[in-house]
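>>> Predicted model and sequence below, questions to follow.
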Amino acid sequence: MSDAGTDSTPTVDSGADAMVDSGPVDSGPSMDAGRACTADAECDDGLACNGADYCDLTTMVCAVRPHAGCDDGIACTADSCGDPSGDCTHVPTDSLCGPTQTCDPTSGCVTPPACTGDAECDNGNFCDGAETCDPAIGCRSGTAPSCDDGVACTADSCDPASGSGGACVHIPTDADHDGHVALGCMGGDDCNDSASAIHPGATETCDGMDDNCNGSPDDGAGMTCVLGSGSASCTTACGTAGSHSCNSSCHFSTCFASIDVCGNGCDDNGNGTVDEGCSVPPPANDLCAGAVDITADGSASGTLVGATAQAVGCGSGIDVLYKVTVSVRSFVYLDTLGSSLDTSISYRSTTCPGSAITCNDDACGGSSSQLVTVVDPGTHYFAVHTASSSVAAAAFTLRHVVMPASDNLNVLLASSGSYTGTTFGTGHVGAICGAGATSPEDVYYWTQCPGQTRTVSASLCNSSTSWDTVLHVEHDGSAVACNDDDGSCFENDFASTLSTTASGSGLFQLVVDGYSASASGSYRLDVTSF
């Protein structure tokens, strides 16, 4: 607005202008003075007009240095402070002057010069409104424009220096001062503009919040669940349906069922008791009528859960029953090696439950069992027991092997040395050399534990052995080594010797055998390494 003349005596009283808002200014919440702090940034509310916020390091609380104010001393200007910059604007307001006066921003109320058109009155400042010409009283001030864009996350103001003659400006605000504008506000990406610890790139913590604004709460390293998410379905270590909850470290707790599942021999609900509250049916082989046939070599899965004590002797625990039927004299080998249950194994004879003929408990340095016995043709009964009444019933695995035995000697081999005998009768133990070694034999046997290895060296080359011999080693019914006619024996061209390595657990046989059905007689077996 152009001024052509000045009236030095305004018709309205001059005085300090009250600061007036030029229009709505959007901003975040102000920081309250007196709040605890450690640095200025914690106190700054991002608004300049209400003063400069800082942290008083003496009291360690937020304080405010007041704004200098925007009063320009011109009574007819509407003075205002614009956030967030804190810049002052002074808008001439004709209504604060007399009816024939206008407001000059530097001189106050003046009598305007005569004018003939609006162009003569335009001061080129968009921010104070469009000036107009009233030929009767001269140039009149305009009405300042409203710059409110209706968007809550922007600070709106009119900047005289923007554009050509001024323009409205809209600056997106960062309410929590973390360097990220609110999500959805003019391209902003902060999913929570009221918390400075939450923004893209922040470290995800276990708090139930999406700290890094990637759309997934509590997905930081090692976290498996969202804090406060409640329980979820899962599968227990027993393989049954259960549930687990999210703990304070954003990890799922151990999966447990609400109650034990009956009959699986497992602690489904994790309270330390197996099949709690269940009436467990006894296993089928708890009684003699259900004795399981294990004549064929292999492994049998068994359980003592629900069993009773039938085959007394060989410990005071409960038991289940097995049977083996053979047509020739045979070795029967049984073990529970590898099972965690503390067991014992007994041979009951040809009657069931019979008496304990042989019993083994705690083999191979552990609580498992290992038993070997020689039986005549017929059906024979065996029992697997808990080692005592204090041992909790559980599942186990029984390994079983049946091997032919000698009709004559079956000797437990315990050490190196010389052993004598005379073979006769019918041959049962075949060999992979010496035409099958169909003659009668004597057997020297031993058992080994898992991981055990030993070197066995033996010879029939001596003056006490004059017939055509075969010497072989068998392991659980499979050939390990075999020799027929060593050839280097000057005392007997048909003598046999061997040296081999026996590895693994189970039953081993060192067999003194002959080349043909008629090859038998007296011998001396020299075991030089065992």
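Ah, there it is.
>>> alpha carbons only for contacts and neighbour counts from here, please
OK.
>>> In contact with the residue nearest the centre of the chain, which residues?
In the chain, the centroid-proximal residue (Cα atoms, centre = their mean) is T224; its distance is 6.7 Å. Neighbouring residues of T224 by Cα atoms under 8 Å, 6 or more residues apart in numbering: C250, H251, F252.
>>> Does it fall in a helix, a strand, or a coil region?
coil (DSSP: H, G, I helix; E, B strand; the rest coil).
>>> A197 versus that one, what's the distance?
Distance, T224 to A197, by Cα to Cα, to the nearest Å: 22 Å.
>>> So this protein: which segments form each domain?
Listed domain ranges for the chain are 1-183, 201-280, 284-404, 410-529 (source: automatic domain parsing).
>>> how about those, which one is nearest N192?
For N192, the closest of the domains of the chain is domain 1-183, at 6.8 Å, according to Cα to Cα.
>>> tally of neighbours for the closest residue to N285 other than its chain neighbours?
Counting by Cα to Cα, 6 or more residues apart in numbering, N285 lies nearest to A291, which is 4.7 Å off, once chain neighbours are set aside. Applying other Cα atoms under 10 Å, we find 20 residues neighbouring A291.
>>> go on, the one 3 residues further on?
Neighbours of I294 under the rule other Cα under 10 Å: 21.
>>> Tell me who's in contact with it.
So I294 contacts A300, Y322, K323, V324, H400 (Cα under 8 Å, 6+ apart).
>>> Show me what the second one bridges to in the sheet.
So the one you mean is Y322. Counting by DSSP bridges, Y322 is bridged to V292, F382.
>>> I'd like the distance between it and R348.
From Y322 to R348 the distance is 10 Å (Cα to Cα).
>>> And the first one, by the same measure?
Going from A300 to R348 by Cα to Cα gives 19 Å.
>>> So which of these two has more stuff around it?
R348 (24 against 15).
>>> Note down every partner strand of the helix or strand where that one lies and its orientation.
Using DSSP states H and E, R348 falls within strand 343-349. Strand pairing for strand 343-349, determined by DSSP bridges: strand 358-361 (antiparallel), strand 378-386 (antiparallel).
>>> Please list the residues outside it that contact it.
311, 314-315, 334-336, 354-362, 367-371, 373, 380-387.
>>> can I assume S233 is in contact with F252?
No - S233 is beyond contact range of F252, at 10.7 Å (criterion: Cα atoms under 8 Å).
>>> Which of these two has more residues huddled nearby?
More crowded of S233 and F252, by other Cα under 10 Å: F252, with 21 against 13.
>>> now the more buried one, nearest residue through space, not along the chain?
Take F252 and drop its neighbours on the chain: the residue closest to it by Cα to Cα, 6+ apart is C246, 4.6 Å away.
>>> ok, C55 to L47 distance?
Counting by Cα to Cα, the gap from C55 to L47 is 15 Å.
>>> got it, and T303?
Applying Cα to Cα, the value for T303 to L47 is 77 Å.
>>> One more: S233?
Counting by Cα to Cα - S233 and L47 are separated by 50 Å.
>>> and what of G290?
Going from G290 to L47 by Cα to Cα gives 89 Å.
>>> what does A311 give?
91 Å.
>>> Compare neighbour counts for these two and give me the winner.
Shown here are A311 and L47; by other Cα under 10 Å, A311 has more neighbours (29 against 23).
>>> Can you tell me the closest non-neighbouring residue to that one?
A311 sits nearest to P353 (Cα to Cα, 6+ apart), 5.0 Å away.
>>> residues touching the one you found, list them.
Per Cα under 8 Å, 6+ apart, neighbours of P353: C288, Q310, A311, Y381.
>>> what about 7 Å?
C288, Q310, A311 (Cα atoms under 7 Å, 6 or more residues apart in numbering).
>>> Using CSV, lay out these together with pLDDT and secondary structure.
Shown next, in CSV, are these (pLDDT from 0 to 100; DSSP: H, G, I helix; E, B strand; the rest coil):
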residue, pLDDT, secondary structure
C288, 96, helix
Q310, 93, coil
A311, 92, coil
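>>> and which of the residues you listed is nearest to G86?
So of the contacts of P353, ranked by how close each gets to G86 (Cα to Cα), first place is Q310, at 96.7 Å.
>>> Tell me how far the closest one lies from V169.
From Q310 to V169 the distance is 96 Å (Cα to Cα).
>>> First-to-last residue distance for stretch 169-185?
Terminal-residue distance, stretch 169-185 (Cα to Cα): 15 Å.
>>> Show me which residues of that stretch are buried.
169-178, 180-183, 185 (16 or more other Cα atoms under 10 Å).
>>> farthest-separated two in the residues you listed?
Taking Cα to Cα, no two of the buried residues of stretch 169-185 sit farther apart than V169 and D178, at 22.4 Å.
>>> so how many other residues sit close to the closest residue to T102 other than its chain neighbours?
In space, and not counting its chain neighbours, T102 is closest to D94: 4.8 Å by Cα to Cα, 6+ apart. By the criterion of other Cα under 10 Å, D94 has 23 neighbours.
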